[in-house]
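>>> A predicted structure for the sequence below; I have some questions about it.
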Amino acid sequence: MPKVDYTLMYVTDDSIKQDNTFFNILETALLGGATIIQLREKTCDTVTFYQRALRCKALCDKYNIPLIINDRLDIALAINADGVHIGQADMPYSVARKLLGNSKIIGLSVSTKVQAVQPNAQAADYIGISPIFSTKTKKTDLAKPLGILGLKEIRELYNKPIVCIGGIHKGNAQEIIANGADGIAVVSAISKAAHPEAATKELKEILCKTGTN
Ligand SMILES: Cc1ncc(COP(=O)(O)OP(=O)(O)O)c(N)n1
Ligand SMILES: Cc1ncsc1CCOP(=O)(O)O
Ligand SMILES: [Mg+2]
């Protein structure tokens, strides 16, 4: 697998039902410097998800940026995505790996220190610390925020890439990277910004100044 840059993951906003708006924002995130995209749809039917996934794949290919699919291995396989992101209540990691093979990215959500040392987290390509801060974007099954202290503790015991998600914006991105994360994943900081491309650029600058990229 080529080295993946986890610096800035844009997770698409499933509250945007209008395709024009959805894809305009995705393209501005790509233009602004998102390094990886996650397509996350929580309520639509399978054919809508599949069609969005196909268009996302074409757009990500245009910018040479990897695309991962949230939850749905079938969609990832159907469109030849670069990987999936799974949570603790989604398809078990071992099954996902068997179905996707070793060349694809598999990210796993971790909400506690105990989850970070389990074999599936150790085997995943990256973990998503979920959530780092509180957020209104994820409506169901949101664990207690781990905060910077939780991130630091998990960094001590996890050697692979860590991506933080939840309530991240330009005002707190810097301290996340400074405390050991390899990247951030955001929905609303880009999708709800007045100027999504400028917001993406601003986040990217903050991350690159702080990290080693
Ligand atoms: C990078 C990243 N980390 C965590 C999550 C959350 O995944 P999950 O816990 O399965 O919740 P849903 O996103 O499926 O609602 C994520 N999507 N991305
Ligand atoms: C999908 C997800 N998983 C944990 S928090 C979250 C939502 C993040 O959204 P935002 O960046 O708007 O807080
Ligand atoms: Mg999930």
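Yes, it's here. Numbering: from 1, shown residues only. Ligands and ions are numbered 1, 2, ... in the order given.
>>> Helices of this structure, residue ranges please.
Taking DSSP state H as the test, the helices found in the chain are 19-32, 46-63, 73-79, 93-100, 113-117, 119-123, 147-157, 173-178, 188-191, 196-210.
>>> right, so the ones you listed: which one is the most enclosed?
Greatest average neighbour count among these goes to helix 188-191 (a mean of 22), per mean count of other CB atoms under 10 Å. C-beta: built from backbone N, CA, C; applies to glycine.
>>> Now look at it and say if it contacts ligand 1.
No - applying CB under 6 Å from any ligand atom, one finds helix 188-191 separated from ligand 1 by no less than 13.4 Å.
>>> Also stretch 81-92?
Yes - contact of stretch 81-92 with ligand 1 (CB under 6 Å from any ligand atom) involves His85, Gly87, Asp90.
>>> Just give me the closest of these to ligand 3.
Gly87 (3.5 Å; CB to the ion).
>>> what about the nearest residue to that closest one once chain neighbours are set aside, how many neighbours?
Of all residues not flanking Gly87 in the chain, Ser109 sits nearest, at 4.2 Å (CB to CB, 6 or more residues apart in numbering). When neighbours are defined as other CB atoms under 10 Å, Ser109 has 23 of them.
>>> now Ser109: how far from Gly128?
Taking CB to CB, to the nearest Å as the measure, Ser109 falls 5 Å from Gly128.
>>> Equivalent analysis for Ala34, please.
Noted for Ala34: a distance of 16 Å to Gly128, by CB to CB.
>>> on that earlier part again, spit out the contact partners of the residue nearest to Gly87.
For Ser109, the contacting residues are His85, Ile86, Gly87, Gln88, Ile127, Gly128, Ser130, by CB atoms under 8 Å, 6 or more residues apart in numbering.
>>> what bridges to the fifth one?
Counting by DSSP bridges, Ile127 forms beta bridges with Leu108, Ile162.
>>> Need the per-residue pLDDT for it.
Ile127 is assigned a pLDDT of 98 by the prediction.
>>> repeat for the one 4 residues further on
Pro131 carries a pLDDT score of 98 in this model.
>>> Burial check on it, number of neighbours?
Using other CB under 10 Å, Pro131 has 23 other residues around it.
>>> for Lys104, same thing?
Lys104: 21 surrounding residues under other CB under 10 Å.
>>> can you pull the pLDDT of the residue nearest to it when sequence neighbours are not counted?
Closest residue in space to Lys104, ignoring its immediate chain neighbours: Gly83 at 4.4 Å, by CB to CB, 6+ apart. Gly83 is assigned 98 on the pLDDT scale.
>>> Show the pLDDT at Phe49.
Listed pLDDT for Phe49 reads 98.
>>> Report the contact partners of the closest residue to Met91 other than its chain neighbours.
Distances taken as CB to CB, 6+ apart place Leu73 nearest to Met91, at 5.7 Å, with adjacent residues excluded. Listed by CB under 8 Å, 6+ apart, the contact set of Leu73 reads Val84, Met91, Ala96, Leu99, Leu100.
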